[in-house]
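# Make a model of this:
(4 chains)
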There are 2 protein chains.
Amino acid sequence: MAWDTTRTRRLLLEAAVEEFAEHGPQGARVDRVAVRAGVNKERIYQYFGGKRQLFTAVLEAELAKVAAAVPLTGAHLTDLGEYAGRVFDYHCAHPHFLRLLTWEGLERGRAEVAAEDERAAHYAGKVAAFAAAQEEGLITGESDPAHLVYAVYALATWWFTAPQVVRMITAGVGGDGPEARRAGLVRLVRRLTTPDDRTGGHRSHA
Amino acid sequence: MAWDTTRTRRLLLEAAVEEFAEHGPQGARVDRVAVRAGVNKERIYQYFGGKRQLFTAVLEAELAKVAAAVPLTGAHLTDLGEYAGRVFDYHCAHPHFLRLLTWEGLERGRAEVAAEDERAAHYAGKVAAFAAAQEEGLITGESDPAHLVYAVYALATWWFTAPQVVRMITAGVGGDGPEARRAGLVRLVRRLTTPDDRTGGHRSHA
DNA sequence: CAGAATTCCAACCGCACAGTTGGAATCACG
DNA sequence: CGTGATTCCAACTGTGCGGTTGGAATTCTG
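Coordinates of the predicted model:
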């Protein structure tokens, strides 16, 4: 059989996504990644350098995916509830990502993270879009645009970040499940971001 | 010197809180806990049983602390923004807890967690209080009470759960810091929970 | 104060696991 | 087809770390 280096690399990365998402950077086992990929573990060191760098590669790959899958289009700025719903849908379908992101937050903490500049620019773009929408009166001007971005992501993702807590909070909700949560989320974000009736335009949050 | 078993136990638990909050259940080292506590590590196995049980003990101790420190009084139901602010303040002052909770969520996932029944009752109480406040028209009836509880905690805590993301989102905020974040949070929660002007009483969210 | 029970520790054990090595199979090039 | 470079793997290594052991110091009991 011919060598297929891109395939080998891909198999390792895919296996690593699973392994790291499941067990985290500390709990992940290099041997398990190799077995999952059906490749000798020594390949990991040749292709990626080591366990730590493999985690970085995994994170960067998943970051690129999510950024591409859930863009913030102009249309969403008139209904951020639906945007939050889309974000929720993505994480529902791809639960790996938020686990990886959460682990990154816990372990790297305040230090510089992978793809720092790209990611900073990405979020700056969101904040700028929100600010512009505020100027146009599409969303409330009563909060700092960055805080609105914060709220949308916090509300859309906390389901997955603290699942054990959410399970207890929603224990009494009749028909709790992804659909009910999504609907509740959309409602929350709409109430939070819709401009106040009384004012048509921008209002300072200072 | 006389034996002081409660002191030894306390020293171990305090050291373990630090160690687990810093490194997580996987990254934590039993030897380091012992050194921090100034106690032989064998004591850990006599007092707690092992690393895993020590983590459980740490979590239960911290859960009790936070539940006692930030109660939801009747007065807060007229201003949930301020309640969210109190929750934020606690986690600002005691950043250990949310790290431990997040790690629990990642590792235990959907399985049963420590003090399951107590915690479930605790959250059920919050939801019931929110529902009662809705009936009285103190907070909006447009969302399921459980979803409002969800929103309050999500907004109050996500700062600490995804610090690297928050750092990038708020990079452009002038004077970003704990005070600015707290103020923004209070404003968000107030807008989210204040009853709609048009209706004095309860409105179904069905 | 004898001796049983408890608290504590220094030293040890075994293995799981990140990373390495030496060499076999495959490819690229003339 | 021959020679050097590349991809791959089985087997190995060193050690970090969870957990244990044997026994010394201290306290309890009678």
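# what's the angle between the biggest helix by length in chain A and helix B:5-27?
Counting by DSSP state H, the longest helix found in chain A is helix A:5-27. Per axes from the mean of the first three to the mean of the last three Cα atoms, to 10 degrees, the angle that helix A:5-27 makes with helix B:5-27 is 170 degrees.
# For helix A:5-27, buried residues please.
Residues of helix A:5-27 classed as buried by neighbour count (16 or more other Cβ atoms under 10 Å in any protein chain shown): A:8-9, A:11-13, A:15-21, A:23-27. (Glycine included, C-beta is placed from N, CA and C.)
# Now do the contacts for A:Leu63.
Counting by Cβ atoms under 8 Å, 6 or more residues apart in numbering or on different chains, A:Leu63 touches A:97, A:114-115, A:118-119.
# before we move on, the earlier item: mind giving me the packing neighbours of the helix or strand following the longest helix of chain A?
Following helix A:5-27 in sequence order, the next helix or strand is helix A:30-37 (DSSP states H and E). With contacts taken as 3 or more Cβ pairs under 8 Å, 6 or more residues apart in numbering or on different chains; DSSP states H and E, helix A:30-37 sits against helix A:5-27, helix A:42-47, helix A:51-69.
# Now do the second one: everything it contacts.
When you say that, I think you mean helix A:42-47. Outside of helix A:42-47, the residues within contact range by Cβ under 8 Å, 6+ apart are A:8-9, A:12, A:16, A:30, A:33-34, A:50-51, A:54.
# With DNA strand C in mind, check whether it reaches it.
Yes. On the criterion Cβ under 7 Å from any atom of the strand, helix A:42-47 is in touch with DNA strand C at A:42, A:45.
# quick check, distance from that helix to the centre of its chain.
With Cα atoms, centre = their mean, to the nearest Å as the basis, helix A:42-47 stands 28 Å off its chain's centre.
# Export only the CA atoms of that helix, formatted as CSV.
Presented in CSV, the C-alpha positions along helix A:42-47 are these (Å, rounded to 0.1, in the frame of the first residue of the first chain):
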residue,chain,number,x,y,z
GLU,A,42,5.3,7.5,17.2
ARG,A,43,3.7,9.2,14.3
ILE,A,44,2.1,11.8,16.6
TYR,A,45,5.6,13.0,17.6
GLN,A,46,6.7,13.3,14.0
TYR,A,47,3.5,15.1,12.8
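# what is the mean pLDDT for that helix?
Mean pLDDT, helix A:42-47: 97.
# what about chain A, any weak spots by pLDDT?
Applying pLDDT under 70 to chain A flags the ranges A:1, A:197-206.
# Residues of it that sit close to DNA strand D?
Residues of chain A lying near DNA strand D (Cβ under 7 Å from any atom of the strand): A:3-5, A:8, A:38-43, A:46.
# check contacts around A:Thr193.
Each residue near A:Thr193 by Cβ under 8 Å, 6+ apart is listed here: A:80-81, A:139-140, A:148, A:151-152.
# ok and the residue in chain A nearest DNA strand C?
When scored by Cβ to the nearest atom of the strand, chain A has A:Ala2 as its residue closest to DNA strand C, at 2.8 Å.
# domains of chain A?
Segmentation of chain A into domains, based on automatic domain parsing, reads A:1-58, A:70-206.
# what's the most buried one of those domains?
Highest mean neighbour count of the domains of chain A: domain A:70-206, a mean of 18 (counted as mean count of other Cβ atoms under 10 Å in any protein chain shown).
# Tell me the spacing between the closest residue to DNA strand D within chain A and A:Leu54.
Taking Cβ to the nearest atom of the strand, DNA strand D has its nearest neighbour within chain A at A:Asn40, 3.4 Å off. Computed as Cβ to Cβ, to the nearest Å, the A:Asn40 to A:Leu54 distance reads 15 Å.
# go on, A:Pro71?
Distance of A:Pro71 to A:Leu54, given as Cβ to Cβ: 28 Å.
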